[in-house]
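**Q** Need a 3D model of the following:
(one chain, ligands or ions: 3)
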Amino acid sequence: MVHTPVGLRRSCTIFADPFPFLTVNSFGASSTASEAQVFSFHKCGDIYIHTIYIDIARGRKLAVVAVCAVSDFLSPEMWRVARSAASSLRGSRRFSMAIPGPCIVHKRGADILHDPWFNKDTGFPVTERDRLGLRGLLPPRVISFEHQYDRFMESYRSLEKNTQGQSEGFVALSKWRILNRLHDRNETLYYRVLINNIKDFAPIIYTPTVGLVCQNYSGLFRRPRGMYFSAKDKGEMMSMIYNWPAQQVDMIVLTDGSRILGLGDLGVQGIGIPIGKLDMYVAAAGINPQRILPVMLDVGTNNQKLLQDPLYLGLRQPRLEGEEYLSIVDEFMEAVHARWPKAVVQFEDFQMKWAFETLQRYRKKFCMFNDDVQGTAGVALAGLLGTVRAQGRPLSDFANQKIVVVGAGSAGLGVLNMALQAVSRMAGPTADPHFFLLDKDGLITKERKDIDPAAVPFAKAQGEVEGLGLREGASLLEVVKKVKPHVLLGLSGVGGIFNEEVLRAMRESDSTKPAIFAMSNPTMNAECTAMDAFKHAGENIVFASGSPFEHVDLGNGKVGHVNQANNMYLFPGIGLGALLSGARIITDGMLQAAAECLASYMTDGEILKGILYPSINSIRDITAEVGAAVVRAAVAEELAEGHHEVGPKELAIMSKDEMVQYVKDNMWYPVYSPLVHEK
Ligand SMILES: NC(=O)C1=CN([C@@H]2O[C@H](COP(=O)(O)OP(=O)(O)OC[C@H]3O[C@@H](n4cnc5c(N)ncnc54)[C@H](O)[C@@H]3O)[C@@H](O)[C@H]2O)C=CC1
Ligand SMILES: CC(=O)C(=O)O
Ligand SMILES: [Mg+2]
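**A** Ligands and ions are numbered 1, 2, ... in the order given. Have a look, this model is predicted:
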C-alpha cells in the first residue's frame, strides 16, 4: 500500500512499503494517497512501475503511472526505460510524456551550488552530494524542502516586522530584495514560495513594486537576468542568441523600455518588467523557469535624467527611430526564431507607435502578441461584460452601454477595438456603440487635427456630441457630466485624474451600478484610489484597478469590493495556450476565446456582489482554463500543430475537461528533481 504525506503531484517523494523511499512521478489531479490503490506492479530493470488508480474529486477514476526507484538515482537510460514501459502500460503517448525525467546537469561541485536552476542549498540528499561532487561543500545536515520553505518564510515575516514604520518604498524594496536574493540562489524554492503566497508576493515581483525596481534598477543591479540586445549588437544577434545557456526556450517577454507601466521611458531599466511578467508565467501558467527568457532591446533612451545618471547601465544615446529601430527588432525576431522556432514572444511596454507597428509587422509571421494592446483588452472586456451582468441586464445590453475611455494609447485603443468587435458580434456590424474617447487634449472628435489613425474609428462626429452639449477637446468632467456613462475606464497613466468632481459626477450615471476602472499602473498612476472611488462616487459602484488596493470598509458593515483589472489574468493563459497548441500565430479568435473564458469564469452570485475577476489565489486555475480555451480556439481554426508528443489529432479529440486537464498536466511545479550529471 502507498502512503504519502502530500497530494500526489507530478513529482514527489512518497513513503511506501516495502521500500523506505520511493521517488514517484505521477500523472493526474492532486489527490491523497489514501485514496490511491496500486492496480498493477511491474519491474523493469531497477525500476518499479506501479499503475495506480486514484479516485479524484469528481468521482471519476484516473489512471496514474508511478515510476519508482529504490534509490533517488535514475540514469537517463533508466528514465528512458521507465518512459517507454509507462507508455506501453497505457498504450498512450500522452501518459508517458506526463512523466518528467530527471534534471540533466552538465556541471558538478561548486558550479551546481552557484546555479539557481539546480541549486538545492542544504537540500541535496547525501547520495546526490556524492554523485555530484558536493560532499564537503555543504554543512553535513540535509534540510528538507519543507523546512527550507518554512525558514525562508520566517525570515520574510521577520523582515516585515523589522521594517514596520519605515516608508512604503523602503519596505517594498526590502521585500523585493529578499525575494530577489532567493531567486538568484535557488529558483525551485523561490517559485514554490511565490506560488504558495501569490497574493502577498505578486505586488512585489509585479505591479506596483516592479515599477519602483525599474526606476532604481541601475542602483539595485547585482546580477544580470535575461538577455540584453542593444543597437550596438546589430549584425551579431544571430550568434548572440546562442549565448543563452538553455537548450530550449518556450516563452520570451520583450521590451524596449519605452513605456514602462505609467512611468514613461526607463530605457534599459525596463528589464524588470519582462522579469516580473515571466515570474507570473512560471507562477500562474507553470512555464518551466529554465525555458523562459526576459529580453531587453536597448535602442537608447530619451530620458534625459537617465542619460545623465553616471550609474545608468544602458546605451547613452537617444532612441533609434524609423527604419533603424525596426531593423533591430527584425533582427532580434529572426534570431530568436532561428534558434527556437516555437517560442512565443510577448511584446510588453512598448510606446504606442511601436506597439501597433510591431504587432502588425509580426503577428502573421511569428507566434507573438502584444500584451498591453491585446491582453489588456481581453481583461477589460471581461470586466465590462461582468459590469453588464452586475446591473442584472442581459449580456446583449453591452451594445447599449455608454463607456468613457480616458487614454487613447496602446491599452485604451486595444480595449476599444476588442469592445467594438464584441458589439459587432452582438448587434451586427452596423451597430454604433456609445464609446467616448479622451486623451491628454480631451474628447476626441473627427474635428481633431493630426488625429492618430488608430483613434479614428472612435472619434465622434461633431453632430453626435453637439446634442449632448459637447465639442472637440471637451474636458473629462464635462464629458462625464453630459454623457452620464455606465462605465468610466482609465488607461491614461495619470494618477488622480478621476478627481473628486469627476467621481461625484459619476453619481448621476444612467446606470444602476456604475463602474469605475482605474487601470493605470503602478499604484501612484491609478486614476483614483479605491477609497476615493467608493467615497465620492457612492457605495453602489463596481470598482477595478490595475494595481492592487485593499477592499474598502464602507463603515456600515459593508465592504466595497476591489477588483484587480490587470492583464495578468490573461497573458499567462494566452502564452501557455499558444505554446501547447503549437500554433504558429496568435489570432483574434484565440484572444477572443481567452477573454470569453475569463468573462464566464465568475458566477452570477459573485458578479452581483461586484466581484468581476477571480481571486489572484486561484490564478493557476483560471490560467489553465484560459490556456485550454486558447488551445481549443487554435484547434477550431485548424492552426494547432501540437506540442511535443501530443499532435493536432489528439488535441482535436479532447473534450473541454480533458483539455483543461492536459493543460494542467503540462504546468511545471517546483519540486527538487533528482539531478543526473552528464558530461
Ligand atoms: N491594468 C492593466 O492591465 C494595464 C494597464 N496599463 C496602464 O495603462 C496606462 C497607459 O498605457 P498605454 O496605453 O500603453 O500608454 P500610452 O502612452 O500609449 O497612452 C497613454 C494615453 O493617455 C493619454 N493621456 C495622457 N495624459 C492624459 C490626461 N491628462 N487626460 C486624458 N488622457 C491622457 C495620452 O494622450 C495617451 O493617449 C499605463 O499606466 C499602463 O500601466 C497598460 C496595460 C495594461
Ligand atoms: C499591466 C501592464 O502590462 C502595464 O501596466 O503595462
Ligand atoms: Mg504592460
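**Q** For this structure, which residues are neighbours of ligand 2?
**A** Contact residues (CB under 6 Å from any ligand atom) of the chain with ligand 2: 207, 261, 349, 371-372, 521, 546, 566-567. From N, CA and C alone the C-beta is placed, and that goes for glycine too.
**Q** Tell me if I'm right that V626 and L591 touch.
**A** No - contact between V626 and L591 fails when scored by CB atoms under 8 Å: they sit 10.4 Å apart.
**Q** which residues sit in contact with whatever residue of the stretch 101-250 of the chain ends up closest to ligand 3?
**A** In the stretch 101-250 of the chain, the residue found nearest to ligand 3 is T207; the distance is 8.7 Å by CB to the ion. Shown here is T207, whose contacts under the criterion CB atoms under 8 Å, 6 or more residues apart in numbering are 261, 276, 521-523, 546-547, 566.
**Q** One more: P289?
**A** Residues near P289 by CB under 8 Å, 6+ apart: 117, 187, 191, 278, 282, 668.
**Q** Which members of those residues are classed as buried?
**A** Among those, those that count as buried by neighbour count (16 or more other CB atoms under 10 Å) are 187, 191, 278, 282, 668.
**Q** Max pairwise distance over those: which two?
**A** Pairwise distances across the buried ones among the contacts of P289 peak at 12.6 Å for L278 and W668 (criterion: CB to CB).
**Q** shared neighbours, the two?
**A** Residues touching both L278 and W668 comprise 287, 289, with contact defined as CB under 8 Å, 6+ apart.
**Q** I'd guessed T387 sits against P485; true?
**A** No - in this structure T387 lies outside contact range of P485 using CB under 8 Å: 11.1 Å.
**Q** How about the residues of this protein by ligand 1?
**A** Where the chain comes near ligand 1, counting by CB under 6 Å from any ligand atom, the residues are 259, 261-262, 352, 372, 376, 379, 406-412, 438-440, 491-494, 497, 519-521, 525, 546, 565-567.
**Q** Can I have the buried ones of those residues as a PyMOL selection?
**A** Here the buried members of these are turned into a PyMOL selection, burial being counted by 16+ other CB under 10 Å:
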select buried, resi 259+261+262+352+372+376+379+406+407+408+409+410+411+412+438+439+491+492+493+494+497+519+520+521+525+546+565+566+567
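**Q** Strands - which of the residues of the chain next to ligand 1 land there?
**A** The strands in this structure, assigned by DSSP state E, contain 406, 438-439 from the residues of the chain next to ligand 1.
**Q** which SS class is the spatially most central residue of the chain?
**A** With the centre of the chain defined as its mean C-alpha position, the nearest residue by CA atoms, centre = their mean is P572, 3.8 Å away. Taken by DSSP: H, G, I helix; E, B strand; the rest coil, the conformation at P572 corresponds to helix.
**Q** Just list the residues touching Y149, thanks.
**A** Contacts of Y149 were listed using CB under 8 Å, 6+ apart, and they are 189, 192-193, 196.
**Q** Give me the distance between it and L278.
**A** In this structure, Y149 and L278 are 22 Å apart, going by CB to CB, to the nearest Å.
**Q** Tell me where the stretch 401-550 of the chain has helices.
**A** For the stretch 401-550 of the chain, the helices defined by DSSP state H, counting those that start in this stretch occupy 410-427, 462-466, 476-483, 500-505, 530-537.
**Q** In a markdown table: the ones you listed, plus mean pLDDT.
**A** Putting the helices of the stretch 401-550 of the chain into a markdown table (pLDDT from 0 to 100) gives the following:
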| stretch | mean pLDDT |
| --- | --- |
| helix 410-427 | 96 |
| helix 462-466 | 94 |
| helix 476-483 | 98 |
| helix 500-505 | 98 |
| helix 530-537 | 98 |
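**Q** Which one of these lies nearest to A633?
**A** Counting by CB to CB, A633 lies closest to helix 410-427 out of the helices of the stretch 401-550 of the chain; the figure is 14.2 Å.
**Q** For the closest one, name the packing helices and strands.
**A** The contact analysis (3 or more CB pairs under 8 Å, 6 or more residues apart in numbering; DSSP states H and E) places helix 410-427 against helix 352-362, helix 376-390, strand 402-406, strand 434-439, helix 588-599.
**Q** What lies in contact with it?
**A** Residues external to helix 410-427 that are found in contact with it (CB under 8 Å, 6+ apart): 259, 350-352, 355-356, 370, 372-374, 376-378, 380-381, 384-385, 395-396, 398-399, 403, 405-406, 431, 433, 435, 437, 454-455, 457-458, 489, 491-492, 519, 588, 591-592, 595.
**Q** what comes up buried for that helix?
**A** Judged by neighbour count using 16+ other CB under 10 Å, the buried positions of helix 410-427 are 410-423, 426.
**Q** what's the distance between the spatially closest residue to K558 that is not a sequence neighbour and ligand 1?
**A** What sits nearest to K558 in space, not counting adjacent residues and going by CB to CB, 6 or more residues apart in numbering, is E539, at 6.7 Å. Taking CB to the nearest ligand atom, to the nearest Å as the measure, E539 falls 24 Å from ligand 1.
**Q** Surely E539 and G557 touch.
**A** No - between E539 and G557 there is no contact under CB under 8 Å: 11.6 Å.
**Q** More neighbours: these two, which one.
**A** Residue environment comparison for E539 versus G557 gives the larger neighbour count to E539, 13 against 6, counting by other CB atoms under 10 Å.
**Q** ok so, going back, so which of V626 and L591 has more stuff around it?
**A** V626 (31 against 25).
**Q** any idea how far I574 is from the more buried one?
**A** V626 sits 7 Å away from I574 when distances are taken as CB to CB.
**Q** Name the residues contacting each of those two.
**A** With contacts defined as CB under 8 Å, 6+ apart, the residues shared by V626 and I574 are A594.
**Q** mind listing what D121 touches?
**A** Counting by CB under 8 Å, 6+ apart, D121 has contacts 113, 138, 143, 148, 185-186, 189.
**Q** Quick check: phi and psi at it.
**A** D121 has phi and psi values of phi 50, psi -130 when expressed as degrees, to the nearest 10.
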